[in-house]
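Undergrad: got a predicted structure plus its sequence, pasted below:
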Amino acid sequence: MGKKIKNSGFKTPEGYFEGFTDDLLNKMSKETSSLPNKDGFKVPEGYFDNLNKKVLGKITKKESKVIRLNPYKKYLYVAASIAAILILVLSIQQKGKSSFTFDDLARTDIENYIEENELGFSSYELAEVLLTEEFEVNDILNGELDDENIIDYLEDNIDDFDELNLEIDE
């Protein structure tokens, strides 16, 4: 718990409370005091004599109307059961359809996915996974390479271009 504060920071003049009660009683005893002599509230005569009978008469005369708080509860059950049946029917129809396979994906979609998402595979790891039965050596050797593609490849894969400058002893 916190420490108790002994000094609240408020100060009163010395001797302020000495004789305070006497001064208050003197002011109250004077006829010209600012306090009212009467309380100012009046109750009609005989008001409390028949009050119990009147209250009980009003309570017992009327029967209260009962209002059900959940009249739509049965409709909610029906709606929930219909929704469950629809979901069940739709899920059974979806199972009947053939699902997509890896062969359905276009090659460009696979390439775009690999390029956009960094999978953390090196080119050697990808080469191990790819099927080479479809490729011919002549397809690779006869392919024309653009200078722009070569420069892009070198910029991505080589940190220092000075490594490419080979000194040829002539």
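TA: Great, that's in hand.
Undergrad: phi, psi for Asp39 please.
TA: Note on Asp39: its backbone torsions stand at phi -80, psi -20 [degrees, to the nearest 10].
Undergrad: so where's the protein uncertain?
TA: Within the chain, the set of residues satisfying pLDDT under 70 comprises 1-5, 31-37, 61-64, 95-100, 102-104, 131-143, 161-170.
Undergrad: have a look at it and report its longest helix.
TA: Taking DSSP state H as the criterion, the chain has its longest helix at helix 73-96.
Undergrad: any idea which helix or strand comes after that one?
TA: helix 107-116 (DSSP states H and E).
Undergrad: only alpha carbons, please: show the helix or strand that that next one is followed by as PDB.
TA: On the C-terminal side of helix 107-116, the nearest following helix or strand under DSSP H and E is helix 123-129. C-alpha atoms of helix 123-129 as PDB (Å, rounded to 0.1, in the frame of the first residue of the first chain):
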ATOM      1  CA  SER A 123      19.000 -23.200 -58.600                       C
ATOM      2  CA  TYR A 124      20.700 -26.500 -57.900                       C
ATOM      3  CA  GLU A 125      17.900 -27.600 -55.600                       C
ATOM      4  CA  LEU A 126      15.300 -26.700 -58.200                       C
ATOM      5  CA  ALA A 127      17.300 -28.600 -60.900                       C
ATOM      6  CA  GLU A 128      17.200 -31.700 -58.800                       C
ATOM      7  CA  VAL A 129      13.400 -31.500 -58.500                       C
END
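Undergrad: quick one: residues in contact with helix 123-129.
TA: Helix 123-129 is contacted from outside by Ile114, Phe121, using C-beta atoms under 8 Å, 6 or more residues apart in numbering. Quick note: C-beta positions are derived from backbone N, CA and C, even for glycine.
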